[in-house]
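[1] need a 3D model of the following:
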Amino acid sequence: MASNGADHLNDIERKLIDNLRAGTYNTIDAGVKTTATAWVGGAGATNGDVTVFAQFPTTSETVYPCIVAEQAANGIETQYMGQRLTSGSSDAIGELYGVAFNLYIGVDKASVLNIGPNGATEPYKERRLLNYLMLNSANVLNDCDFSTVNAEIVERHFAGFQDIGYNPELETWNAISSMVIVFKNSR
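    Reported below is the predicted structural model:
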(Lines give C-alpha, C1' and ligand atoms only; values in the text may rest on other atoms or scores of the structure.)
Protein backbone atom coordinates (compact mmCIF):
# COMPACT_ATOMS: atom_id res chain seq x y z
CA MET A 1 0.00 0.00 0.00
CA ALA A 2 1.05 3.56 -0.53
CA SER A 3 2.96 5.26 2.24
CA ASN A 4 0.57 8.22 2.09
CA GLY A 5 -2.15 6.07 3.63
CA ALA A 6 -3.97 5.40 0.35
CA ASP A 7 -6.28 2.40 0.50
CA HIS A 8 -6.69 1.74 -3.24
CA LEU A 9 -8.10 -1.80 -3.05
CA ASN A 10 -10.80 -0.94 -0.55
CA ASP A 11 -11.61 2.37 -2.27
CA ILE A 12 -12.11 0.66 -5.64
CA GLU A 13 -14.13 -2.19 -4.11
CA ARG A 14 -16.36 0.29 -2.22
CA LYS A 15 -16.97 2.32 -5.40
CA LEU A 16 -18.01 -0.79 -7.37
CA ILE A 17 -20.37 -1.94 -4.63
CA ASP A 18 -21.87 1.54 -4.17
CA ASN A 19 -22.47 1.84 -7.92
CA LEU A 20 -24.09 -1.60 -8.04
CA ARG A 21 -26.32 -0.71 -5.08
CA ALA A 22 -27.40 2.57 -6.69
CA GLY A 23 -27.73 0.88 -10.08
CA THR A 24 -26.88 4.05 -12.01
CA TYR A 25 -25.39 4.14 -15.49
CA ASN A 26 -25.17 6.59 -18.40
CA THR A 27 -27.70 6.65 -21.20
CA ILE A 28 -28.92 8.95 -23.98
CA ASP A 29 -32.40 10.45 -23.74
CA ALA A 30 -33.55 12.57 -26.71
CA GLY A 31 -29.92 13.09 -27.74
CA VAL A 32 -28.81 14.25 -24.27
CA LYS A 33 -26.56 12.22 -21.97
CA THR A 34 -28.49 11.38 -18.81
CA THR A 35 -28.28 8.89 -15.97
CA ALA A 36 -30.64 5.92 -15.64
CA THR A 37 -31.22 3.76 -12.60
CA ALA A 38 -31.45 0.06 -13.37
CA TRP A 39 -32.87 -1.17 -10.10
CA VAL A 40 -35.94 1.04 -10.00
CA GLY A 41 -38.82 -0.89 -11.46
CA GLY A 42 -42.12 0.47 -12.71
CA ALA A 43 -44.83 2.33 -10.84
CA GLY A 44 -44.42 2.15 -7.07
CA ALA A 45 -41.04 0.38 -7.15
CA THR A 46 -38.07 1.80 -5.26
CA ASN A 47 -34.31 1.31 -5.07
CA GLY A 48 -33.52 -1.79 -3.09
CA ASP A 49 -35.32 -4.12 -5.47
CA VAL A 50 -31.93 -5.78 -6.01
CA THR A 51 -29.80 -6.60 -2.97
CA VAL A 52 -26.04 -6.18 -3.43
CA PHE A 53 -23.77 -8.06 -1.05
CA ALA A 54 -20.09 -7.17 -0.56
CA GLN A 55 -19.39 -10.78 0.42
CA PHE A 56 -21.29 -14.04 0.31
CA PRO A 57 -24.20 -13.86 2.73
CA THR A 58 -25.14 -16.68 5.07
CA THR A 59 -28.06 -18.83 3.99
CA SER A 60 -30.43 -17.02 6.34
CA GLU A 61 -29.28 -13.55 5.13
CA THR A 62 -29.69 -14.28 1.41
CA VAL A 63 -32.33 -12.18 -0.31
CA TYR A 64 -33.21 -12.55 -3.99
CA PRO A 65 -32.72 -11.12 -6.55
CA CYS A 66 -29.14 -10.42 -5.53
CA ILE A 67 -25.68 -9.56 -6.73
CA VAL A 68 -22.58 -10.67 -4.81
CA ALA A 69 -19.32 -8.81 -5.48
CA GLU A 70 -16.30 -10.86 -4.40
CA GLN A 71 -12.69 -9.69 -4.65
CA ALA A 72 -11.04 -12.70 -6.28
CA ALA A 73 -7.42 -11.60 -6.81
CA ASN A 74 -4.99 -8.71 -6.71
CA GLY A 75 -1.36 -8.19 -7.49
CA ILE A 76 1.25 -6.47 -9.58
CA GLU A 77 0.24 -6.11 -13.21
CA THR A 78 3.44 -4.42 -14.46
CA GLN A 79 6.61 -3.52 -12.56
CA TYR A 80 8.31 -0.49 -14.05
CA MET A 81 11.99 -0.58 -14.93
CA GLY A 82 13.69 0.89 -11.88
CA GLN A 83 10.25 1.28 -10.25
CA ARG A 84 9.94 4.88 -11.50
CA LEU A 85 6.60 6.04 -12.78
CA THR A 86 5.32 9.48 -13.63
CA SER A 87 2.35 10.50 -11.54
CA GLY A 88 1.01 13.94 -12.36
CA SER A 89 3.84 16.47 -12.24
CA SER A 90 6.21 14.46 -10.07
CA ASP A 91 8.05 11.16 -10.23
CA ALA A 92 7.07 8.39 -7.88
CA ILE A 93 8.02 4.81 -7.14
CA GLY A 94 5.39 2.23 -7.94
CA GLU A 95 3.79 -0.14 -10.40
CA LEU A 96 0.59 -0.93 -12.20
CA TYR A 97 -1.48 -3.02 -9.83
CA GLY A 98 -4.56 -5.06 -10.69
CA VAL A 99 -7.59 -6.13 -8.71
CA ALA A 100 -10.10 -8.73 -9.93
CA PHE A 101 -13.69 -9.19 -8.88
CA ASN A 102 -16.14 -12.02 -9.46
CA LEU A 103 -19.77 -10.99 -9.68
CA TYR A 104 -22.55 -13.46 -9.02
CA ILE A 105 -26.21 -12.82 -9.84
CA GLY A 106 -28.92 -14.94 -8.25
CA VAL A 107 -32.66 -14.99 -8.93
CA ASP A 108 -35.09 -17.34 -7.21
CA LYS A 109 -38.61 -18.37 -8.21
CA ALA A 110 -40.24 -15.63 -6.08
CA SER A 111 -38.07 -12.82 -7.51
CA VAL A 112 -40.02 -10.26 -9.53
CA LEU A 113 -39.14 -6.77 -10.79
CA ASN A 114 -41.73 -4.64 -12.51
CA ILE A 115 -39.96 -3.19 -15.54
CA GLY A 116 -41.41 -0.93 -18.15
CA PRO A 117 -41.12 2.43 -19.88
CA ASN A 118 -43.37 5.43 -19.27
CA GLY A 119 -45.09 4.08 -16.17
CA ALA A 120 -46.33 0.87 -17.81
CA THR A 121 -44.99 -2.16 -16.00
CA GLU A 122 -44.46 -5.78 -16.83
CA PRO A 123 -43.27 -8.37 -14.32
CA TYR A 124 -39.82 -9.79 -15.08
CA LYS A 125 -39.05 -13.05 -13.33
CA GLU A 126 -36.89 -16.16 -13.54
CA ARG A 127 -34.71 -16.32 -16.69
CA ARG A 128 -36.04 -13.03 -18.12
CA LEU A 129 -35.15 -11.24 -14.88
CA LEU A 130 -31.69 -12.85 -14.89
CA ASN A 131 -31.10 -11.52 -18.43
CA TYR A 132 -32.23 -8.04 -17.35
CA LEU A 133 -29.89 -8.09 -14.33
CA MET A 134 -26.92 -9.29 -16.40
CA LEU A 135 -27.25 -6.52 -18.98
CA ASN A 136 -27.86 -3.79 -16.43
CA SER A 137 -25.03 -4.97 -14.15
CA ALA A 138 -22.71 -4.74 -17.16
CA ASN A 139 -24.01 -1.21 -17.85
CA VAL A 140 -23.41 -0.15 -14.24
CA LEU A 141 -19.93 -1.68 -14.07
CA ASN A 142 -18.75 -0.28 -17.40
CA ASP A 143 -19.97 3.22 -16.47
CA CYS A 144 -18.49 3.18 -12.95
CA ASP A 145 -16.93 6.61 -12.40
CA PHE A 146 -13.69 6.23 -10.46
CA SER A 147 -12.93 9.98 -10.41
CA THR A 148 -13.64 10.13 -6.67
CA VAL A 149 -11.34 7.17 -5.91
CA ASN A 150 -7.84 8.04 -4.69
CA ALA A 151 -6.21 6.00 -7.47
CA GLU A 152 -5.44 6.58 -11.13
CA ILE A 153 -7.38 3.88 -12.99
CA VAL A 154 -5.42 2.89 -16.10
CA GLU A 155 -7.78 0.30 -17.59
CA ARG A 156 -10.56 -2.12 -16.78
CA HIS A 157 -11.74 -5.34 -18.37
CA PHE A 158 -15.26 -6.70 -18.01
CA ALA A 159 -15.32 -10.37 -19.08
CA GLY A 160 -19.06 -10.74 -19.54
CA PHE A 161 -21.30 -13.33 -17.92
CA GLN A 162 -20.74 -17.06 -18.09
CA ASP A 163 -22.04 -20.18 -16.36
CA ILE A 164 -25.54 -18.87 -16.97
CA GLY A 165 -28.24 -21.30 -15.97
CA TYR A 166 -30.61 -22.89 -13.53
CA ASN A 167 -29.49 -24.70 -10.37
CA PRO A 168 -32.17 -27.31 -9.55
CA GLU A 169 -30.81 -27.97 -6.04
CA LEU A 170 -31.10 -24.32 -5.02
CA GLU A 171 -33.97 -23.57 -7.43
CA THR A 172 -32.20 -20.40 -8.58
CA TRP A 173 -31.12 -18.89 -11.89
CA ASN A 174 -27.49 -17.78 -11.72
CA ALA A 175 -24.76 -16.06 -13.72
CA ILE A 176 -21.09 -15.33 -12.99
CA SER A 177 -18.87 -12.60 -14.39
CA SER A 178 -15.46 -11.12 -13.67
CA MET A 179 -13.92 -7.68 -13.88
CA VAL A 180 -10.28 -6.58 -13.63
CA ILE A 181 -9.31 -3.01 -12.76
CA VAL A 182 -5.71 -1.82 -13.22
CA PHE A 183 -4.43 1.29 -11.41
CA LYS A 184 -1.18 3.09 -10.66
CA ASN A 185 0.07 2.21 -7.21
CA SER A 186 2.56 4.94 -6.32
CA ARG A 187 4.47 4.79 -3.06
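
[2] from here on, contacts and neighbour counts on C-alpha atoms
    OK.

[3] quick one: contacts of the lengthiest helix in the chain?
    As assigned by DSSP state H, the longest helix anywhere in the chain is helix 126-142. For helix 126-142, the surrounding residues in contact (C-alpha atoms under 8 Å, 6 or more residues apart in numbering) are 16, 19-20, 23-26, 38, 105-109, 111-113, 158, 160-161, 173-175.

[4] check stretch 168-182 too.
    Contact with stretch 168-182 is made by 77, 96-109, 126-127, 130, 134, 153-167, as judged by C-alpha under 8 Å, 6+ apart.

[5] any idea where the helices of the chain begin and end?
    8-22, 126-142.

[6] would you mind giving these as CSV with mean neighbour count, distance to residue 49 and mean pLDDT added?
    Compiled in CSV, the helices of the chain are given as follows (neighbours: other C-alpha atoms under 10 Å; distance: least, C-alpha to C-alpha, whole Å; pLDDT from 0 to 100):
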stretch, mean neighbour count, distance to residue 49, mean pLDDT
helix 8-22, 18, 10, 89
helix 126-142, 19, 11, 91
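
[7] mind giving me CSV with these and columns for distance to residue 65?
    Conversion of those to CSV gives the following (distance: least, C-alpha to C-alpha, whole Å):
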stretch, distance to residue 65
helix 8-22, 12
helix 126-142, 9
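
[8] of all those, which lies closest to residue 92?
    In this view, the helices of the chain are compared for proximity to residue 92 by C-alpha to C-alpha, and helix 8-22 is the closest at 16.0 Å.

[9] which neighbouring elements make contact with that closest one?
    Under the contact criterion of 3 or more C-alpha pairs under 8 Å, 6 or more residues apart in numbering; DSSP states H and E, the helices and strands touching helix 8-22 comprise strand 51-53, helix 126-142.
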